[in-house]
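Enquirer: sequence and predicted model, in that order:
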Amino acid sequence: MREGGHILGAILAQLAGAAKPGMATKELDQMAEKMIREAGGEPSFKGYNGFPATICASVNEEVVHGIPSGRILKEGDVLSIDIGMKYQGFQSDTATTVGIGVIDSELLRLIHATKKSLKRGIKKARPGNTFGDIGNTVQRYVEDQGFAVVRDLCGHGIGKDLHEDPQILNFGQRHKGPVIKVGMTFCIEPMVTNGSWEIEKSKNGQAFVTKDKSIAAHFEHTVAITPRGTEVLTQVAQETKDNEESD
């Protein structure tokens with residue numbers, strides 16, 4: 001999982017860097033599948049519950065599970081890319097959100113707050129804490145920034161299967177829920193909006209969108225609780241450096 005996560009994190013970083021105005025989301029999907037297969041992996045999402053693509057490409061009010069298509073990215077859009085890979089029998093899953101070209105300052109703040117909430121949630125992912133500690137930390141930070149945490153979607157355990165127990169909420173109470181133990185591997189993935197947290201299914205039956213058409217951001221990492229500490233398996237080198245330099 002460590003090796004697969006490192007590969008997947010690097011692939012996601014390349015996709016995020018390639019997303020520009022004028023590009024169709026299906027182009028990013030084609031790039032993703034090619035890179036995954038060249039690395040010796042298999043796309044986790046393709047065919048999963050009928051999903052037709054390698055990545056989820058969610059634009060603006062789409063929270064998650066956006067289907068890549070001929071939709072052209074425009075200056076000012078907000079794009080969330082979610083990607084999973086099966087590698088040597090084990091799964092990894094990660095997501096990021098980027099602004100396309102120059103975006104509104106409030107949307108940039110939304111993206112930064114969502115990324116920061118993931119970082120804070122990961123800090124709570126240590127033996128003896130509970131999954132409620134993670135959710136409570138994410139929720140309090142997001143709401144302090146004036147944004148809302150989506151409540152009908154959550155993170156999850158991961159290993160040989162893409163989605164395993166437990167469900168990991170991005171809200172909740174401290175000291176509640178299952179206790180975090182050495183040996184666990186799971187995904188933390190805050191989904192945040194600049195409006196209401198309420199969502200609904202889109203017309204295509206796959207994507208979830210905000211009911212009030214507010215803009216959403218989504219970040220995710222696969223983490224492992226090891227005897228040496230918590231490892232972020234899908235984190236790339238530059239992100240590690242950025243985290244060390246930030247508070």
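Expert: Done, it's in.

Enquirer: buried ones in the longest helix that the chain contains?
Expert: Scanning the chain for the helix with the most residues, using DSSP state H, yields helix 105-123. Across helix 105-123, burial judged by 16 or more other C-beta atoms under 10 Å covers 107, 110-111, 113-122. For glycine as for every other residue, the C-beta is placed from the backbone atoms N, C-alpha and C.

Enquirer: I'd like the average pLDDT over that helix.
Expert: Rounded to a whole number, the mean pLDDT of helix 105-123 is 98.

Enquirer: so Tyr59 touches Ile72, yeah?
Expert: In this structure residue 59 is Val, not Tyr. No - when contacts are counted by C-beta atoms under 8 Å, Val59 is not listed as touching Ile72 (10.1 Å).

Enquirer: low-confidence stretches in this structure?
Expert: Counting by pLDDT under 70, the chain has low-confidence residues at 237-247.

Enquirer: ranges for the helices of it?
Expert: Listed in chain order, the helices of the chain (DSSP H) span 2-18, 25-38, 105-123, 131-144, 237-245.

Enquirer: ranking the ones you listed by burial, who's on top?
Expert: Neighbour counts averaged per stretch over the helices of the chain are highest for helix 131-144, at a mean of 22; criterion: mean count of other C-beta atoms under 10 Å.

Enquirer: so how far is Glu75 from Ile67?
Expert: Here the criterion is C-beta to C-beta, to the nearest Å. By it, Ile67 lies 22 Å from Glu75.

Enquirer: out of the two, which sits in the busier spot?
Expert: Set side by side, Ile67 and Glu75 give different neighbour counts by other C-beta atoms under 10 Å, the larger being at Ile67 (21 against 12).

Enquirer: so the more buried one makes contact with Pro52?
Expert: Yes - Ile67 lies in contact with Pro52 (C-beta under 8 Å); the separation is 6.4 Å.

Enquirer: contacting residues around the closest residue to Asp104 other than its chain neighbours?
Expert: Beyond its immediate neighbours in the sequence, the residue positioned closest to Asp104 (C-beta to C-beta, 6 or more residues apart in numbering) is Gly76, lying 6.7 Å away. When contacts are counted by C-beta atoms under 8 Å, 6 or more residues apart in numbering, Gly76 touches 99-104, 107.

Enquirer: repeat that with 7 Å
Expert: With contacts defined as C-beta atoms under 7 Å, 6 or more residues apart in numbering, Gly76 is in contact with 100-104.

Enquirer: now, among those residues, which is nearest to Ala217?
Expert: Closest approach between those and Ala217, by C-beta to C-beta: Ile103, at 11.0 Å.

Enquirer: for the closest one, what are its contacts?
Expert: The neighbourhood of Ile103, defined by C-beta under 7 Å, 6+ apart, consists of 76, 78.

Enquirer: next one: Asp133
Expert: Listed by C-beta under 7 Å, 6+ apart, the contact partners of Asp133 are 124, 174-175.

Enquirer: how about these in CSV, adding distance to Met85 and neighbour count?
Expert: Formatted as CSV, the entries for these read as follows, by distance: C-beta to C-beta, whole Å; neighbours: other C-beta atoms under 10 Å:
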residue, distance to Met85, neighbour count
Lys124, 26, 20
Arg174, 33, 15
His175, 34, 11
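
Enquirer: can you put those residues in TSV and add distance to Pro190?
Expert: What follows is these, written out as TSV (distance: C-beta to C-beta, whole Å):
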residue	distance to Pro190
Lys124	12
Arg174	17
His175	20
